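Trainee: Fold the stuff below for me.
(one chain, ligands or ions: 1)
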Amino acid sequence: MNAIAEGLVRPESNSEVQSDTAGVKTPQNQNDARPTREEAEAAVRTLLKWAGDDPTREGLLETPKRVVKSYEEFYSGYHENPAEILAKTFEEVEDYSDMVLLRNIELQSHCEHHMVPIVGRAHIAYVPDGKVVGISKLARVIDVFAKRLQTQETMTAQIVNAINETLNPKGVALIIEAEHQCMSSRGVKKIGVDTITSQFTGVFADPVMEQRFMQRIGRA
Ligand SMILES: [Zn+2]
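Mentor: Just a heads-up that it's a prediction; the model follows:
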């Protein structure tokens with residue numbers, strides 16, 4: 001335990017500590033040295049074996065490849081930058097000043113505790129302050145954060161913060177409603193339960209605006 005704690009505090013600074021902690025990867029240096037595709041596929045074979053199956057049988061031979069390829073898709077958000085997506089804005093909007101709302105955006109993420117799907121919908125609105133962004137970009141920003149390991153609470157806050165910081169609107173409203181398969185297919189096994197998270201900033205802190213947002217997404 002001590003060696004791990006030491007390694008976390010100063011992974012590179014001391015050669016003696018280094019030798020004590022050989023093979024111990026901190027979250028930081030894990031990010032620095034991304035495992036190779038072959039290493040990732042080997043890890044999948046380990047899990048297949050651990051589950052009780054034989055990774056060398058015909059039906060499973062290509063499975064590690066497919067799993068790793070799926071991971072590239074599930075976790076593509078780690079390699080995308082929301083600020084870049086929101087960088088192009090338009091100012092020619094004839095003084096449009098009310099909310100821009102996207103309703104029922106399909107959302108697929110994975111819970112960071114069990115790595116199983118979170119499936120649901122997002123409803124997002126912002127009130128522009130002189131500039132708007134292409135509407136599809138809002139949906140893409142949701143994907144950037146959804147395509148990572150997440151908790152629904154963190155994802156909700158990250159999406160709102162990214163839009164606030166990049167677009168500087170008068171306010172942002174976001175509601176996510178999602179089913180967590182770690183709750184429906186394992187653990188307490190409750191099917192059909194939606195977890196609802198919300199974050200309202202700026203003008204949406206006004207109850208009248210919040211109410212208008214809820215009406216427009218059909219929840220009031
Ligand atoms: Zn979970």
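Trainee: Only C-alpha atoms from now on, for both contacts and neighbour counts.
Mentor: Will do.
Trainee: Distance check, Asn168 against the ion.
Mentor: As defined by C-alpha to the ion, to the nearest Å, Asn168 lies at a distance of 33 Å from the ion.
Trainee: Next: Lys190.
Mentor: Taking C-alpha to the ion, one finds Lys190 at 13 Å from the ion.
Trainee: Is that residue in a helix, a strand, or coil?
Mentor: coil (DSSP: H, G, I helix; E, B strand; the rest coil).
Trainee: Quick check, pLDDT for the closest residue to it other than its chain neighbours.
Mentor: Spatial nearest neighbour of Lys190, chain neighbours left out: Ser184 (4.6 Å); criterion: C-alpha to C-alpha, 6 or more residues apart in numbering. Here the pLDDT value assigned to Ser184 is 86.
Trainee: shouldn't Val100 be in contact with Ala125?
Mentor: Yes. Using C-alpha atoms under 8 Å, Val100 is in contact with Ala125, at 5.3 Å.
Trainee: Quick check on those two: which one has the bigger neighbour count.
Mentor: Neighbours per residue (other C-alpha atoms under 10 Å) separate Val100 from Ala125, with Ala125 holding more: 21 against 17.
Trainee: how would you label the nearest residue to the more buried one once chain neighbours are set aside: helix, strand or coil?
Mentor: Closest residue to Ala125 apart from its sequence neighbours, by C-alpha to C-alpha, 6+ apart: Leu101 at 4.1 Å. Recorded secondary structure, Leu101: strand (three-state DSSP).
Trainee: Burial check on Leu101, number of neighbours?
Mentor: 19.
Trainee: Enumerate the residues of this protein near the ion.
Mentor: Neighbours of the ion within the chain, by C-alpha under 5 Å from the ion: 111, 113-114, 182.
Trainee: Please identify which two of those residues are farthest apart in space.
Mentor: His113 and Cys182 (8.5 Å; C-alpha to C-alpha).
Trainee: so where is this structure shaky, pLDDT-wise?
Mentor: 1-31 (pLDDT under 70).
Trainee: again, only this time at 80
Mentor: 1-32, 93 (pLDDT under 80).
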